[in-house]
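> predicted coordinates and the sequence they were generated for:
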Number of protein chains: 2
Amino acid sequence: MGLKRTTINDLAAKLKISKSTISKALKGYPDVSDKTRKKVLRLAKKLNYKPNSIASSLRTRQTKTIGVIVPSVVHDFFSKVIDGIIQEAENKNYLVILLQSGEHADLEEKQLNLLKNKQVDGILLSVSNETGIKERLNKILEKGIPVVLFDKIIKSFECSKVIIDDKLAAYNAVSYLINKGYKRIAHFGGVLTAQNSIDRFLGYKQALIDNNLTFNPDLVYINPNNDDINDGYSNAEKMLKEHTDIDAVFAITDLIALGVYKYFNEINIRIPKDIAVFGFSDWLISSVITPNLSTVKQPSFEMGRKAVEILIDEIKNINNNTDFSFQNIVLPTSLIIRKST
Amino acid sequence: MGLKRTTINDLAAKLKISKSTISKALKGYPDVSDKTRKKVLRLAKKLNYKPNSIASSLRTRQTKTIGVIVPSVVHDFFSKVIDGIIQEAENKNYLVILLQSGEHADLEEKQLNLLKNKQVDGILLSVSNETGIKERLNKILEKGIPVVLFDKIIKSFECSKVIIDDKLAAYNAVSYLINKGYKRIAHFGGVLTAQNSIDRFLGYKQALIDNNLTFNPDLVYINPNNDDINDGYSNAEKMLKEHTDIDAVFAITDLIALGVYKYFNEINIRIPKDIAVFGFSDWLISSVITPNLSTVKQPSFEMGRKAVEILIDEIKNINNNTDFSFQNIVLPTSLIIRKST
DNA sequence: TTGTAGGCGTTATCAC
DNA sequence: GTGATAACGCCTACAA
């Protein structure tokens, strides 16, 4: 059976060279003669030697692996972020362990511990909507392992972050609506435990105020799940029961906007003629539906890529005992204006 | 500095108990007295002891980690499969390392080797469209590590597989079109190096033949990238230049169908009145576009879940030296009939 | 330039 | 019920 993989010891035995020399030859250390290096390399190839990275990890305390936790993978935005993460990690010779919190703080905590036990070199996290994460994070992450938060962050947690300016993006979107002449603008927001929900709400509110429109809390509808079309659907129904003069909806995500579309379609409300709709995130779907949806474009792939870049820099700095300070990267967004507004 | 994590040795030193006993106590072995077990557990908790799974892996030759390679993560279908994979793996206390081949056989091969070096306990793979994979797979995977292929498989490679019956699903879809009265049905297929492209094409062809319609190779349009709307778009344009009598299109994926939608919209061809369109995969988008798209529903989450289940069974069997035979699981699909046909 | 020796943290075997 | 010892495969001072 060829079941046993060849190890450094096997090479050493066959070649009658000490295993330290083998190791050095394999890793291209300068203090090995060309002759022996070649001998080693040749046999290594012949016996199909592959380093056992577990053994190496135990010894060097580096796994060349990062852990990633997102609320969900089945998600246009997060899947693109993950794409960026995996690709950049691979460029830098890191592997990615992926976990989904499902927006549950308990699971998130458990997963964080799993990753630590697995000795990942660093963690990328987009936090769940549940509250009280900060204290847990503090406790779990106090010891040495670098963490970079992206997209869904906790402001007060001290670490590097890669985000967009949710407040500004929302502000711009709503300002655009106002400039277009819409005056009774409802907001279909998220639960206000999540920082990005808060910021998008704040941007909405500020845009109204700065444009001398009154902010009316009654026009704010909370969607328990940002990514559930049904939430948008039922809030649209609710809104139209309570108000007859709405002329635009600013939704926290494209999926909520889609729920609005669905209900409006059913009762023959025309978009944007009767009521305009603005989304957030630019899901694939948004450019294809009729009328296609105006939305906020987020740099998803780049967010993942950048988060990895920062994380790996921090890992290196820690290994070299180099001082470094946390970064707070704010990636630019843009409005995509289409037919729904 | 609390930088150093507490180890079994620390516990042993503090408690003046040998580390072997500590280890046993920690893992709930029966041959440890209640008294010492409690002592150990208490101190472990107090010092926040967490096992180092790397050390354990080196010793036990089990990493409790599986590797997964898919063509792409930004993909409605694969993201759902991955969801199923991660969740089932987590249920069984396995972690998932995720990699994307981008349909490149070279990268795929490199990644397979990476995963092996990382000592993953098993691999889940959905192969790329490029050819010649089988020989490479044989070479890479000859030694002991179990592999389960899913969705995009290589028929002749000997291992367990989790798939759908692509040919039957396509056959059913096209038969449905024929029964509805459509007679000049074009196929927008994929490159014929991929088994599922081949099978969907074969299903299309067989349905025509069984219903006494002539199969015309000119009505088959190949899309280099199954998931590129633009391919569907340009083939739609090409098709209408070459044929004026087409009354239905059976597309290999919903995204190709969307490309068809896009072109038809631009030149005011009405779906399904002028030409019907049938998709494959039931992307989220398909239920929302106008007219919403008839398509084939695949059990994506379940496919991932089942693949993990089989893989972990095989891992266990190998560890126990139990014989087992490869499974070939064919998951059921169904037609979702909507407004586009 | 090469080799020796020890250890990373855990687990398994065997003796006490 | 407990402990001594070795081993998993690799890396790295340090010595020769």
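Cool, the structure landed. Residues are numbered from 1 along each chain as shown, chains lettered A, B, ... in the order given.

> now do the contacts for whichever residue of the stretch 151-300 of chain A sits closest to DNA strand D.
Ranked by C-beta to the nearest atom of the strand, the top residue of the stretch 151-300 of chain A for proximity to DNA strand D is A:Ser160, at 26.5 Å. (Each C-beta comes from the backbone N, C-alpha and C, glycine too.) Contact partners of A:Ser160, counting by C-beta atoms under 8 Å, 6 or more residues apart in numbering or on different chains, are A:146-149, A:310-311, A:314, A:326-329.

> also A:Ile198?
A:Leu192.

> so it belongs to a strand, correct?
No - going by DSSP: H, G, I helix; E, B strand; the rest coil, the assignment for A:Ile198 is helix, not a strand.

> for the helix or strand hosting A:Ile222, name the packing helices and strands.
If you go by DSSP states H and E, A:Ile222 is part of strand A:220-223. Under the contact definition 3 or more C-beta pairs under 8 Å, 6 or more residues apart in numbering or on different chains; DSSP states H and E, strand A:220-223 sits against strand A:185-190, helix A:229-242.

> CA atoms of it as PDB?
Extracted in PDB, the C-alpha atoms of strand A:220-223 (Å, rounded to 0.1, in the frame of the first residue of the first chain):
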ATOM      1  CA  VAL A 220     -40.000  54.000   8.800                       C
ATOM      2  CA  TYR A 221     -40.700  50.300   8.400                       C
ATOM      3  CA  ILE A 222     -38.500  47.800  10.000                       C
ATOM      4  CA  ASN A 223     -37.700  44.500   8.200                       C
END
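
> who in chain A is up against DNA strand D?
Residues of chain A found near DNA strand D (C-beta under 7 Å from any atom of the strand) are A:4-5, A:7-9, A:19-20, A:23-24, A:26-27, A:51-52, A:55-56, A:58-60.

> which of those count as buried?
Among those, those classed as buried by 16 or more other C-beta atoms under 10 Å in any protein chain shown are A:5, A:7-8, A:23-24, A:26, A:52, A:55-56, A:58.

> could you pick out which of the residues you listed are near DNA strand C?
Near DNA strand C, by the rule C-beta under 7 Å from any atom of the strand, you find A:24, A:55, A:58 out of those.

> tell me which of those residues fall in helices.
A:24, A:55, A:58 (DSSP state H).

> any chance of these in CSV, plus pLDDT and distance to A:Lys118?
Below are those laid out as CSV (pLDDT from 0 to 100; distance: C-beta to C-beta, whole Å):
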residue, pLDDT, distance to A:Lys118
A:Lys24, 92, 29
A:Ala55, 97, 16
A:Leu58, 96, 12
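
> so is the lowest-mean-pLDDT helix or strand in chain A next to chain B?
Every helix and strand in chain A was compared by mean pLDDT, DSSP states H and E; the lowest is helix A:133-141, with a mean of 77. No - between helix A:133-141 and chain B, judged by C-beta under 8 Å from any C-beta of the partner chain, nothing touches; the nearest distance is 9.2 Å.

> residues in contact with that helix: which ones?
So helix A:133-141 is contacted by A:105, A:108-109, A:112-113, A:116, A:123, A:127, A:147, A:154, A:156-157, A:159 (C-beta under 8 Å, 6+ apart).
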